[in-house]
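Participant: This is the structure alone, sequence omitted:
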DNA sequence: AGCCAAGATGACGTTAACGTCAACGTAACG
DNA sequence: CGTTACGTTGACGTTAACGTCATCTTGGCT
């Protein structure tokens, strides 16, 4: 491990994002790459955070929401009150995600049902209609 | 069942959306309320579609993606080719949702882990620090 | 007839999350 | 020493999904 840091383009390749996105996340204080001169170097911590950022996005959280959640994953120090607040926030997100999972299960079941119906229909159509133009 | 249709404000109350949103969905051809004069009347079909629309949004699908999926739920007629295409699309969405569920499970597990850690930390902090200002 | 509430129709504004230049810096290479 | 590759900082553009007016209309009271 020469330095355990990645340049911006390495970071982009590793996560499939654009440089613009990374700079944007930094401007919104979701990432804190260190600087060597003026160039950004992304640490292991940045990589962990980016992973969580992308995951959060997939679950429909805004960058601002994600930023607050990230604090939970990166505090070995913070204040008592702040920690308590962050935990409250985390509880909300957890509830949100569990509700989401329940609805997702339901949606998956319904979609499968519709697809079964569609495939049956497709089968009957291609049987009765295989003589048509 | 007087008519089995809802006015726009009834619809809004029932689903917690604004009139603007409903008109917007109609303009994007996700809903097709019938007209009595110039007023919109939302049918049972519109209600079913709106439910799916809101669900789709929660899972991060765009309105355009949702519009295409809605076809699957409302075709008793369509063409063979179209049906086949729609099923392909549905398969993609299904795969997407199942991947989403897997990642959601992982995310929930990780968040719980972090919260446990945070709560332990909180407990130890409030024990050692209960004498501080 | 007068009026109000509910609804319709544009048309422009807004926010989030980047995309897309343009202009500049700089380190290494031939 | 020129130029190519990679990077930086503004600054303005864009898309999705509505919000927010500013006018009309219309069916019902009174």
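Facilitator: Received, thanks. Everything numeric in this text was worked out from a predicted model, so none of it was measured.
Participant: What separation is there between the residue nearest the centre of chain A and residue B:94?
Facilitator: With distances taken as C-alpha atoms, centre = their mean, residue A:55 lies nearest the centre of chain A, 1.6 Å away. Counting by C-beta to C-beta, to the nearest Å, the separation of residue A:55 from residue B:94 is 20 Å. For the C-beta atoms, the positions are set from N, CA and C on the backbone; glycine is no exception.
Participant: The helix ranked longest in chain A - contacts with which helices or strands?
Facilitator: With DSSP state H setting the assignment, residue counts place helix A:80-128 as the longest helix in chain A. Packed against helix A:80-128 by the contact rule (3 or more C-beta pairs under 8 Å, 6 or more residues apart in numbering or on different chains; DSSP states H and E) you find helix A:63-73, helix B:44-58, helix B:63-73, helix B:80-128.
Participant: Show me the domain layout of chain A.
Facilitator: A:1-61, A:75-126 (automatic domain parsing).
Participant: In CSV: those domains, plus distance to residue B:104 and mean pLDDT.
Facilitator: What follows is the domains of chain A, written out as CSV (distance: least, C-beta to C-beta, whole Å; pLDDT from 0 to 100):
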stretch, distance to residue B:104, mean pLDDT
domain A:1-61, 7, 93
domain A:75-126, 5, 85
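Participant: picking that back up, switch the helices and strands packed on helix A:80-128 over to CSV; also include distance to DNA strand C.
Facilitator: Shown next, in CSV, are these (distance: least, C-beta to the nearest atom of the strand, whole Å):
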stretch, distance to DNA strand C
helix A:63-73, 3
helix B:44-58, 12
helix B:63-73, 14
helix B:80-128, 17
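Participant: These: which one's closest to residue A:10?
Facilitator: helix A:63-73 (21.5 Å; C-beta to C-beta).
Participant: is DNA strand D contacted by that closest one?
Facilitator: No - counting by C-beta under 7 Å from any atom of the strand, DNA strand D is not contacted by helix A:63-73; separation bottoms out at 14.1 Å.
Participant: I figured residue A:74 hits residue A:43, correct?
Facilitator: No - at 11.6 Å, residue A:74 does not count as touching residue A:43 under the criterion of C-beta atoms under 8 Å.
Participant: At the contact with DNA strand D, which residues of chain A appear?
Facilitator: A:7-10, A:19, A:23, A:38-40.
Participant: Mind doing that once more with 6 Å?
Facilitator: Proximity of chain A to DNA strand D (C-beta under 6 Å from any atom of the strand) is limited to residues A:7-9, A:19, A:23, A:38-40.
Participant: Tell me how many other residues surround residue A:85.
Facilitator: Using other C-beta atoms under 10 Å in any protein chain shown, residue A:85 is surrounded by 14 other residues.
Participant: Oh, that last question was meant for residue A:51, not what I typed.
Facilitator: Neighbours of residue A:51 using other C-beta under 10 Å come to 12.
Participant: Repeat that for the one 3 residues further on.
Facilitator: A count of neighbours around residue A:54, defined by other C-beta under 10 Å, yields 14.
Participant: What of the one 10 residues further on?
Facilitator: When neighbours are counted by other C-beta under 10 Å, residue A:64 registers 11.
Participant: Throw the domains of chain A into CSV and include distance to residue B:126, thanks.
Facilitator: Below are those laid out as CSV (distance: least, C-beta to C-beta, whole Å):
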stretch, distance to residue B:126
domain A:1-61, 27
domain A:75-126, 6
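Participant: Would you tell me which of the ones you listed gets closest to residue B:79?
Facilitator: For the domains of chain A, distance to residue B:79 was read as C-beta to C-beta. The smallest value, 8.7 Å, belongs to domain A:75-126.
Participant: hang on, the earlier thing: contacts only, for the nearest residue to the residue nearest to the centre of chain A once chain neighbours are set aside.
Facilitator: Nearest residue to residue A:55 in three dimensions, chain neighbours excluded: residue B:107, at 5.8 Å (C-beta to C-beta, 6 or more residues apart in numbering or on different chains). Listed by C-beta atoms under 8 Å, 6 or more residues apart in numbering or on different chains, the contact partners of residue B:107 are A:55, A:59, A:97.
Participant: Correct me if wrong: the second one contacts residue B:104.
Facilitator: Yes - using C-beta under 8 Å, residue A:59 is in contact with residue B:104, at 6.7 Å.
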